[in-house]
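# here's a sequence, model it:
(6 chains)
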Protein chains: 6
Amino acid sequence: MDNWLPTLQTETPSEGYDLAVKLARMTIKKTQTDAAIRDRLRPDYAENADSLIAVSAVVATHFATISAANGYWARP
Amino acid sequence: MDNWLPTLQTETPSEGYDLAVKLARMTIKKTQTDAAIRDRLRPDYAENADSLIAVSAVVATHFATISAANGYWARP
Amino acid sequence: MDNWLPTLQTETPSEGYDLAVKLARMTIKKTQTDAAIRDRLRPDYAENADSLIAVSAVVATHFATISAANGYWARP
Amino acid sequence: MDNWLPTLQTETPSEGYDLAVKLARMTIKKTQTDAAIRDRLRPDYAENADSLIAVSAVVATHFATISAANGYWARP
Amino acid sequence: MDNWLPTLQTETPSEGYDLAVKLARMTIKKTQTDAAIRDRLRPDYAENADSLIAVSAVVATHFATISAANGYWARP
Amino acid sequence: MDNWLPTLQTETPSEGYDLAVKLARMTIKKTQTDAAIRDRLRPDYAENADSLIAVSAVVATHFATISAANGYWARP
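Numbers count the residues shown, from 1 in each chain, chains lettered A, B, ... in the order given. Presented below is the predicted three-dimensional model:
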């Protein structure tokens, strides 16, 4: 897990969004280090509307950061 | 889903808001990839006031990002 | 609903706040398009302290965006 | 309620914080316009730790906006 | 409580973090002015994981504001 | 705990993310100072999907701050 995040810069907004999803998930990995427990928890949120919305909120915050880091991928 | 988000720039604030809604929904699609389960979950949030407010919070965060990306569509 | 949001610029902070309330509500309209269901849900949040606080959080995020869009209505 | 928010500028951070509290409360007034219902709801949040924390979150977002609007009251 | 917040500037990030904690708590004091009730509520959040995480979210928002106010305590 | 946070600057985004996790946890330590109670609470959130998502939200906010503090570790 050493340098799992070498940069916040991405080529496109789509890739930036994927990175935001990755950043959101990483906290869960770092807080619950037991992969078996994480797998057991997956249906708790993946089949629950409110949990999915909560994940979406975290991704939104990270996407804001990544978008700023990329100058909003502004067209020249 | 490759390049589903080519740009954060939109012509108008209204279009920017619609894009924010799209960004909010995309996390759910990426986290729960089974469309049948997503359809089953829909009434859980679409007919629940607190869930709708939570969706609105996610959209607000994305709209902030998109607004910044568009220079707040400032009048010249 | 085409161009319901022509601009983020308002004359005063009060009007900016009202616009933030409008932006918060718009997600609910766009997610739950059935007005009858929305009306039925109204007491669920309008008579519930935690729901009202959650609405207030969404408005706060939108108000931040609108305030930035207006240069915080700074006195010259 | 016409021009209840003439400016975001305050003399001190303390006054800015009070304004943030006011902004957080205003959404509740605008969403639940019946003062009697609001009074009835008051113990629901004022005697509930999680509700108070949620109010604090809203104030934090507004305080961020107001602080930016005041240049963080920077010492010259 | 008059001028309890004279400045957002602190010498170090650690002090800035403590100030963020103070700002988070102040809303609770201002919303629930009865110290006896506040004391009674304390175990409700101090011994509840989700409440503690919610407090942490509020502190995070205030810490963002204070960090910006201090130019992120940038090394020259 | 005196100067536990000497700087917000880190060498890499990965280290910045770890610092964000640390900042999120610090509020819990400062609010619940009894380590035995904290240990007892750990399974409440480490084995609960919604709690883990909530932790992730706090980390996201701190990561935004730290990323800004580091100029997004922009490549020259």
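
# hey, let's count contacts and neighbours off CA atoms from now on
Will do.

# so which other helices or strands are in contact with the helix or strand hosting A:Phe63?
Assessed by DSSP states H and E, A:Phe63 sits inside helix A:49-69. Applying 3 or more CA pairs under 8 Å, 6 or more residues apart in numbering or on different chains; DSSP states H and E, one finds that helix A:49-69 contacts helix A:13-31, helix A:35-46, helix B:13-31, helix B:35-46, helix B:49-69, helix F:49-69.

# tabulate those (CSV), appending mean pLDDT and mean neighbour count.
Formatted as CSV, these follow (pLDDT from 0 to 100; neighbours: other CA atoms under 10 Å in any protein chain shown):
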stretch, mean pLDDT, mean neighbour count
helix A:13-31, 97, 20
helix A:35-46, 96, 14
helix B:13-31, 97, 20
helix B:35-46, 96, 14
helix B:49-69, 98, 25
helix F:49-69, 98, 25
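
# how far off helix B:35-46 does the helix holding A:Phe63 point, in degrees?
Per axes from the mean of the first three to the mean of the last three CA atoms, to 10 degrees, the angle that helix A:49-69 makes with helix B:35-46 is 100 degrees.

# who are the contact partners of the residue nearest to the spatial centre of chain A?
Nearest to the mean C-alpha position of chain A, by CA atoms, centre = their mean, lies A:Val21 at 2.3 Å. By CA atoms under 8 Å, 6 or more residues apart in numbering or on different chains, the contact set of A:Val21 is A:Val59, A:His62, B:Thr27.

# quick one: the nearest residue to A:Ala35 once chain neighbours are set aside and chain E, what's the gap?
Using CA to CA, 6 or more residues apart in numbering or on different chains and skipping residues adjacent in sequence, the residue nearest A:Ala35 is A:Lys29, 7.8 Å away. Relative to chain E, A:Lys29 is positioned 17 Å away (CA to the nearest CA, to the nearest Å).

# kindly report the same for A:Met26.
For A:Met26, the distance to chain E equals 17 Å [CA to the nearest CA].

# looking at chain A, which residue is nearest chain D?
Residue nearest to chain D within chain A (CA to the nearest CA): A:Thr61, separated by 13.5 Å.

# didn't that residue look like it was pressed against F:Val59?
No: A:Thr61 is beyond contact range of F:Val59, at 9.7 Å (criterion: CA atoms under 8 Å).

# can you tell me what sits against stretch A:67-76?
With CA under 8 Å, 6+ apart, stretch A:67-76 has contacts from A:8-10, A:12-13, A:16, B:7-9, B:65, B:69, F:71-72, F:74.

# now the nearest residue to A:Arg42 once chain neighbours are set aside: how far from A:Thr31?
Nearest residue to A:Arg42, sequence neighbours excluded (CA to CA, 6+ apart): F:Ala49, at 7.5 Å. Distance, F:Ala49 to A:Thr31, using CA to CA, to the nearest Å: 11 Å.

# let's have the helices and strands packed on helix A:49-69 in JSON lines, adding distance to F:Asn3.
JSON lines is the format used below for the helices and strands packed on helix A:49-69 (distance: least, CA to CA, whole Å):
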{"stretch": "helix A:13-31", "distance to F:Asn3": "24"}
{"stretch": "helix A:35-46", "distance to F:Asn3": "34"}
{"stretch": "helix B:13-31", "distance to F:Asn3": "38"}
{"stretch": "helix B:35-46", "distance to F:Asn3": "45"}
{"stretch": "helix B:49-69", "distance to F:Asn3": "33"}
{"stretch": "helix F:49-69", "distance to F:Asn3": "17"}
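
# nearest to C:Ile53, of those helices?
When these are compared by CA to CA, helix B:49-69 sits nearest C:Ile53, at 10.2 Å.

# between the closest one and helix B:13-31, how many degrees?
Angle between the axes of helix B:49-69 and helix B:13-31 is 120 degrees (criterion: the same axes, to 10 degrees).

# now, which of the contacts of A:Val21 sits nearest chain E?
For these, the nearest to chain E is A:His62 (13.9 Å; CA to the nearest CA).

# which residues touch the closest one?
By CA under 8 Å, 6+ apart, A:His62 lies in contact with A:Ala20, A:Val21, A:Leu23, A:Ala24, F:Ala60, F:Thr61, F:Phe63, F:Ala64.
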